[in-house]
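[1] Sequence plus the predicted model coming up.
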Amino acid sequence: MSDLQSQDFIRISASTMTPPSARSHEDQVAKLIDVSRCIGCKACQAACMEWNDLRQDIGHFEGSYQNPDDLSPSVWTLMKFAEYENEQGNLEWLIRKDGCMHCADPGCLKACPAPGAIVQYANGIVDFVSDKCIGCGYCVKGCPFDIPRISKVDHKSYKCTLCSDRVSVGLEPACVKACPTGAIMFGSKADMTEWAGERIEDLKSRGFSNAGLYDPQAVGGTHVMYVLHHADRPSLYSGLPDHPQISPVVSAWKGILKPLAMIGIAAAALAGIFHGVTEGPNEVTEKDEEEGERALNETEKTP
Amino acid sequence: MSRPNTVIVRYTAVNRVNHWITAICFVLMVLSGLSMFHPMLFFLSALFGGGQWTRAVHPWIGIVLLISYLGLIIQFWRENLVEREDIEWLKQAQFVITNEEENAPEVGRNNAGQKIVFWSMTFLIPVLFLSGLVIWEVYFGEATSIPVQRAAALIHSLAAVAAIIVWVVHVYAAIWVRDSMRAMTQGYVTPGWAWRHHRKWLKELASDPQSKHLIRKRP
């Protein structure tokens, strides 16, 4: 999706240019997912399918409420169900709506080699522009959250758009609209952070002393945030990364290596050119030919 | 200069065809690979029909390159075995670089520089192939974990840059040392060329009755 004007881009994949940035006062948006209020009804999943016209093939029962079992090119959000036995020996059913986190510093965009295939809007939404996607799968390697999925049909990468098409005309994302308990909220990032604070206070007063907001700073913060009862251990929630960051391997590959490689190759070529114009060619002389012929003939004559 | 009437066959037709298949594949790999490596070179993908085509065709050319290079390894590994005199030649390499080759030790069929090119590519091309398989999204996207794919992408880029630099040196040396190119295009060198650059090889050839068929009238 990219129906928004190009001026709203603040980051463009595989671009060495600064995107148009005059309109700098756009509000940062955020989706707040309050895990403690989620009842696991999957209305958000259904709404996502409905709005984005996605239909996953019917799969197999995997022994869990989680269905389908994983994100896919046509599953952009997924309720993940984890059973956790707490210190008191009680079962906690930790249900987390998984999907793109819309990082402020997106690893997918950093890794993408196709100009303009991944963009970040001024409001913080990270979006894939499908017609420019080349299907290389670099975004999969760049993402710290294991979100993008490459289609085997059209070789394009897909993930949650945060309903950028809806947001651009002042609507909330489809999942937010459908949530019956108010577990998914949408608004400015400042408002969502403030609202999360109230929720966390409430949770703490009810015995969840480690309740907190998941807005990991190593990726610059995210535009999808969670209120977690166990914010000290995000990985309890079906493997939500405890310390997400763009892998140093990806940073090296997409950072320092690019200029170094260009300089290295150019230096090798320039060294050749300047050796050529200073030392000149290494040519066979007439004397070499005589000596060569003689070496060949000499031995021919010896019996 | 007097045109010598005798020439020496340096590369057979099979050698040459195999070499040029490899060369064409390598150039295509460099162009398509660089387009996916640096944004400023993305325009090179247009040569292959766009980004999707570039992404799709790059690994297949890589397979042809690997098979083709295996052919070169089979044909050339023996003459590239490292010997004691190679070290000596490398120590005297400054004479070669300043076009005072007569001060460097006599060289057999290949000099140490040529051997370095051969063994570098013999190492780098399989590394590129294996790391490339790991990041071949269409068929192997789910075969390995994401951290393994990240490492493979970095290794693939590093090996590619190294291979490109080795290739630049290889191409420049072929231009700089005049008439070397003809050995790989038409197959033969003159006795003077052999005397100047590979004197030990020339002497071995001249004294070996088995090699008589390699010495021919100029075509």
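    Looks like it came in fine. Predicted model only: the values in this text are computed from it and were never measured.

[2] what's the average pLDDT for the one helix or strand residue A:50 maps to?
    Under the criterion of DSSP states H and E, residue A:50 resides in helix A:43-52. Across helix A:43-52, the average pLDDT comes to 97.

[3] And that helix, what's buried?
    Across helix A:43-52, burial judged by 16 or more other C-beta atoms under 10 Å in any protein chain shown covers A:43-45, A:47-49, A:51-52. (C-beta placed from N, C-alpha, C; glycine too.)

[4] do the same with stretch B:19-32
    Buried residues in stretch B:19-32 (16+ other C-beta under 10 Å): B:19, B:21-23, B:25-26, B:28-32.

[5] Can you list which of those residues are found in helices?
    Among these, the members found in helices (DSSP state H) are B:19, B:21-23, B:25-26, B:28-32.

[6] Go through these and name the one nearest residue A:128.
    residue B:32 (22.4 Å; C-beta to C-beta).

[7] mind listing what the closest one touches?
    Shown in contact with residue B:32 (C-beta atoms under 8 Å, 6 or more residues apart in numbering or on different chains): B:44-45, B:47-48, B:54, B:57-58, B:61.

[8] any low-confidence regions in chain B?
    Within chain B, the stretches with pLDDT under 70 are B:1-4.

[9] mind listing the strands for it?
    Along chain B, counting by DSSP state E, strands occupy B:6-9, B:188-189, B:215-217.

[10] Same question for the stretch 1-150 of chain A.
    A:9-12, A:29-34, A:77-85, A:91-99, A:118-121, A:126-128, A:149-150 (DSSP state E, counting those that start in this stretch).

[11] any chance of those in a markdown table, plus mean pLDDT, mean neighbour count and distance to residue A:228?
    Below are those laid out as a markdown table (pLDDT from 0 to 100; neighbours: other C-beta atoms under 10 Å in any protein chain shown; distance: least, C-beta to C-beta, whole Å):
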| stretch | mean pLDDT | mean neighbour count | distance to residue A:228 |
| --- | --- | --- | --- |
| strand A:9-12 | 89 | 20 | 28 |
| strand A:29-34 | 98 | 26 | 9 |
| strand A:77-85 | 96 | 17 | 12 |
| strand A:91-99 | 97 | 19 | 8 |
| strand A:118-121 | 94 | 26 | 25 |
| strand A:126-128 | 96 | 27 | 22 |
| strand A:149-150 | 98 | 22 | 25 |
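
[12] what's near enough to touch the nearest residue to residue A:115 once chain neighbours are set aside?
    Spatial nearest neighbour of residue A:115, excluding adjacent residues (C-beta to C-beta, 6 or more residues apart in numbering or on different chains): residue A:14 at 4.4 Å. Contacts for residue A:14 (C-beta under 8 Å, 6+ apart) come out as A:112-117, B:39, B:42.

[13] If we only consider these, which is nearest to residue B:161?
    Using C-beta to C-beta, the contacts of residue A:14 come closest to residue B:161 at residue A:113, 15.3 Å.

[14] What is the burial count for the closest one?
    Neighbourhood size, residue A:113 [other C-beta atoms under 10 Å in any protein chain shown]: 23.

[15] Kindly list the main-chain dihedrals of residue A:296?
    Here is the backbone geometry of residue A:296 (degrees, to the nearest 10): phi -70, psi -50.

[16] With chain B as the reference, measure out to it.
    Per C-beta to the nearest C-beta, to the nearest Å, residue A:296 is found 5 Å from chain B.

[17] how about the residues of the stretch 1-150 of chain A near chain B?
    A:14-16, A:113-115, A:132, A:134-138, A:140-141, A:146, A:150 (C-beta under 8 Å from any C-beta of the partner chain).

[18] Just flag the most distant two among those residues.
    A:16 and A:146 (28.1 Å).

[19] which of these two has more neighbours?
    residue A:146 (14 against 10).

[20] Who are the contact partners of the more buried one?
    Neighbours of residue A:146 in contact, by C-beta under 8 Å, 6+ apart: A:140, B:146.

[21] my guess is residue A:72 contacts residue A:56, does it?
    Yes. With contact defined as C-beta atoms under 8 Å, residue A:72 counts as touching residue A:56 (5.9 Å).

[22] Secondary structure element holding the nearest residue to residue A:233 once chain neighbours are set aside?
    With C-beta to C-beta, 6+ apart as the criterion, residue A:233 has its nearest non-adjacent residue at 7.1 Å, and that residue is residue A:242. Under DSSP H and E, no helix or strand contains residue A:242.

[23] Can you list phi and psi of residue A:242 for me?
    Backbone torsions for residue A:242, taken as degrees, to the nearest 10, come to phi -70, psi -40.
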